[in-house]
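A.B. asks: Sequence below, structure please.
(one chain, ligands or ions: 1)
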Amino acid sequence: MSRHVLVLGGTTEARELAAALAARPGVRVTSSLAGHVSRPGALEGDVRIGGFGGAPGLADWLREQAVDALVDATHPFAAGITANAADAATATGLPLVVLRRPGWLPGAGDRWHAVASLEAAADLLPGLGRRVFLTTGRLGLAAFAHVEGVHFVVRSVEPPAPPMPPDVRLLPARGPFTLADELALLREHRLDLVVTKDSGGVATSAKLAAARELGLPVVLVRRPPLPADVTVEADVAGVLRWLGFGLP
Ligand code: NAP
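C.D. replies: Purely as a prediction, here's the structure:
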């Protein structure tokens, strides 16, 4: 009988994990996506899309689909689904592991201001910068909607919806971005501050290197805390080991 693993996804690591699990004999993998991105790209294994209806809905789904193990490979800032996964694992008694890439660490020459929330980041403007590269994700723009006297440049895969800041330039683009991309963007738009969530990972870290090279300050929004007592692995290999599969 095959072992059924549910991967709560929406990240590069979740995609890599699904591919690694789909390649294993005796494993059925289902990836779950929130459905916020209209063209999420191909995923190996089964895919389901849309919310479960909170932790109770997720627990029902886990029982109905005879899931054997749950992997929360969602984005570090997707705190709602991460809390639901922990609650549903407790309710069903299923093993849960959180795949969480490490956060970014400042290096020599970095001028980072760490804050606890998007709202706290908005509070630092316009004192810290007047031409801001805002990379907090299209759903994070609302926290900056009241900020006047600041020109924002926002890059996103899907067009953002209001509310958003009054003076904003929208650039459609999908990562990863190179250091040369980011230096060119910061220079072209004469930006003097970068605002980002601590997403971690390499796909979007070049903006930090670019800020360092140009001597620009960065406002870094810290991650929300994880639920208590969850098991965390930093990469796909760690999750495969936790599942008892080791490396192929
Ligand atoms: P969230 O605030 O934690 O979740 C809100 C609700 O969306 C959840 O309660 C759940 O609805 C549904 N949901 C979220 N992720 C889901 C998933 N993988 N499968 C099924 N339902 C899901 O989430 P979010 O911050 O909006 O992120 C949504 C998705 O985008 C996640 O998959 C995440 O990995 C990805 N993502 C988020 C960010 C970010 O910065 N937040 C960045 C990149 C990618 P129900 O309660 O109805 O089940």
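
A.B. asks: how about the spatially most central residue of the chain, what does it touch?
C.D. replies: For the chain, residue 75 is the residue whose C-alpha lies nearest the centre (C-alpha atoms, centre = their mean; 3.0 Å). Residues counted as contacts of residue 75 (C-beta atoms under 8 Å, 6 or more residues apart in numbering) are 10-11, 199. C-beta: built from backbone N, CA, C; applies to glycine.

A.B. asks: Same question for residue 197.
C.D. replies: Contacts of residue 197 by C-beta under 8 Å, 6+ apart are 76-77, 118, 135-137, 140, 220-221, 223.

A.B. asks: Rebuild the residues you listed as a markdown table, extending it with neighbour count.
C.D. replies: Shown next, in a markdown table, are those (neighbours: other C-beta atoms under 10 Å):
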| residue | neighbour count |
| --- | --- |
| 76 | 21 |
| 77 | 19 |
| 118 | 22 |
| 135 | 22 |
| 136 | 21 |
| 137 | 17 |
| 140 | 22 |
| 220 | 21 |
| 221 | 23 |
| 223 | 17 |
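
A.B. asks: The residues you listed: which two are farthest apart?
C.D. replies: 135 and 223 (15.1 Å; C-beta to C-beta).

A.B. asks: Excluding chain neighbours, what is closest to residue 55?
C.D. replies: Spatial nearest neighbour of residue 55, chain neighbours left out: residue 87 (3.7 Å); criterion: C-beta to C-beta, 6 or more residues apart in numbering.

A.B. asks: Ramachandran coordinates for that neighbour?
C.D. replies: phi -70, psi -40 (degrees, to the nearest 10).

A.B. asks: re the thing from before, same list (the contacts of residue 197) but as JSON lines, adding distance to residue 211 and secondary structure.
C.D. replies: Formatted as JSON lines, the contacts of residue 197 follow (distance: C-beta to C-beta, whole Å; DSSP: H, G, I helix; E, B strand; the rest coil):
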{"residue": "76", "distance to residue 211": "20", "secondary structure": "coil"}
{"residue": "77", "distance to residue 211": "20", "secondary structure": "coil"}
{"residue": "118", "distance to residue 211": "18", "secondary structure": "helix"}
{"residue": "135", "distance to residue 211": "11", "secondary structure": "strand"}
{"residue": "136", "distance to residue 211": "15", "secondary structure": "coil"}
{"residue": "137", "distance to residue 211": "18", "secondary structure": "coil"}
{"residue": "140", "distance to residue 211": "18", "secondary structure": "helix"}
{"residue": "220", "distance to residue 211": "10", "secondary structure": "strand"}
{"residue": "221", "distance to residue 211": "15", "secondary structure": "strand"}
{"residue": "223", "distance to residue 211": "19", "secondary structure": "coil"}
